[in-house]
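**Q** Give me coordinates for this.
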Amino acid sequence: MLHIFVDPAQMQGDLLYVTGRDVNHIKNVLRMKPGDEISVRTGQDEREYRYGIEEFTDSEVVCRLRFVKESDVELPVKVYLFQGLPKSDKMDLIVQKAVELGAAEIIPVQMRRSVAKLEGAKIAKKTQRWQTIAESAAKQSRRAVVPLVREPMTMEEAVRFAKENTQTRLLPYELQEEDGSTRELIEKIKEGSSVSIFIGPEGGFEPGEVELAKAAGILPISLGRRILRTETAALVVLSWLIYRFETC
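**A** Below you'll find the model as predicted:
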């Protein structure tokens, strides 16, 4: 079933007026017909609205509300992913998969060992690209919200943001010993809390960055006995949280 996000202003009584790129997708790509059903979210709550297509105009798809249901597709913790900027287009994959796995916000971080450097007009252009990828991934995975991709921060800005906005702050670090503390920290996370995850770029964190993070209450953890690529590390932690909160 098609899953789209709309502005609440497009909902008028029992009717929904779909506009923009979704019109072409519904009419010409999927070739949907009157009577077909679509799943709609506003991105502002966890309600899923089911509409049936009524008619097509040149610029709109007019739909009528059939029913509304509450859903629990979101992780019960709010995860902020602070991702050290990687090379090439790896960030595209990281954004896509992090959204599928439940991240609430994604913050690119210009770390000292980041090869990629974003400056000037490139910042806005890249951020918009990543936000578009996040929206597409949210639709595909039937998220209730579209996660926000923020403009890149420095490590200092990221650490300060995490300290001010999250309760649990974790930093996977290849030099952290596997001593059982990682499992303990994950199990202590409570529903309704917020979690920061800091991931280094290809070259990892510089020791000074780790010390900066630790001074702000960001705790180093181990991801196991193997060294993971930067595009894998965040997905491992998100998968742990899914297991922690969504499995019996």
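**Q** all helices for this structure, in order.
**A** Secondary structure of the chain (DSSP state H): helices at 21-24, 90-100, 121-140, 155-165, 181-188, 207-215, 230-246.
**Q** In the second one, which residues are buried?
**A** So the one you mean is helix 90-100. For helix 90-100, the neighbour count (16 or more other Cβ atoms under 10 Å) marks Lys90, Met91, Asp92, Ile94, Val95, Gln96, Lys97, Ala98, Val99, Glu100 as buried. All C-beta spots, glycine's among them, are computed from the backbone N, C-alpha and C.
**Q** could you measure the fourth one against Ser114, distance?
**A** Read that as Ile94. In this structure, Ile94 and Ser114 are 13 Å apart, going by Cβ to Cβ, to the nearest Å.
**Q** who touches both of these two?
**A** Residues touching both Ile94 and Ser114 (Cβ atoms under 8 Å, 6 or more residues apart in numbering) are Pro86.
**Q** Any idea how far stretch 181-193 is from the middle of the chain?
**A** 20 Å (Cα atoms, centre = their mean, to the nearest Å).
**Q** what does stretch 57-74 give?
**A** When distances are taken as Cα atoms, centre = their mean, stretch 57-74 is centred 22 Å away from the chain's centroid.
**Q** tell me which residues in it are buried?
**A** Across stretch 57-74, burial judged by 16+ other Cβ under 10 Å covers Glu60, Val61, Cys63.
**Q** coming back round to it: tabulate the buried residues of helix 90-100 (JSON lines), appending distance to Ala216 and pLDDT.
**A** Shown next, in JSON lines, are these (distance: Cβ to Cβ, whole Å; pLDDT from 0 to 100):
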{"residue": "Lys90", "distance to Ala216": "26", "pLDDT": "96"}
{"residue": "Met91", "distance to Ala216": "24", "pLDDT": "97"}
{"residue": "Asp92", "distance to Ala216": "29", "pLDDT": "97"}
{"residue": "Ile94", "distance to Ala216": "23", "pLDDT": "98"}
{"residue": "Val95", "distance to Ala216": "25", "pLDDT": "98"}
{"residue": "Gln96", "distance to Ala216": "29", "pLDDT": "98"}
{"residue": "Lys97", "distance to Ala216": "27", "pLDDT": "98"}
{"residue": "Ala98", "distance to Ala216": "22", "pLDDT": "98"}
{"residue": "Val99", "distance to Ala216": "26", "pLDDT": "98"}
{"residue": "Glu100", "distance to Ala216": "29", "pLDDT": "97"}
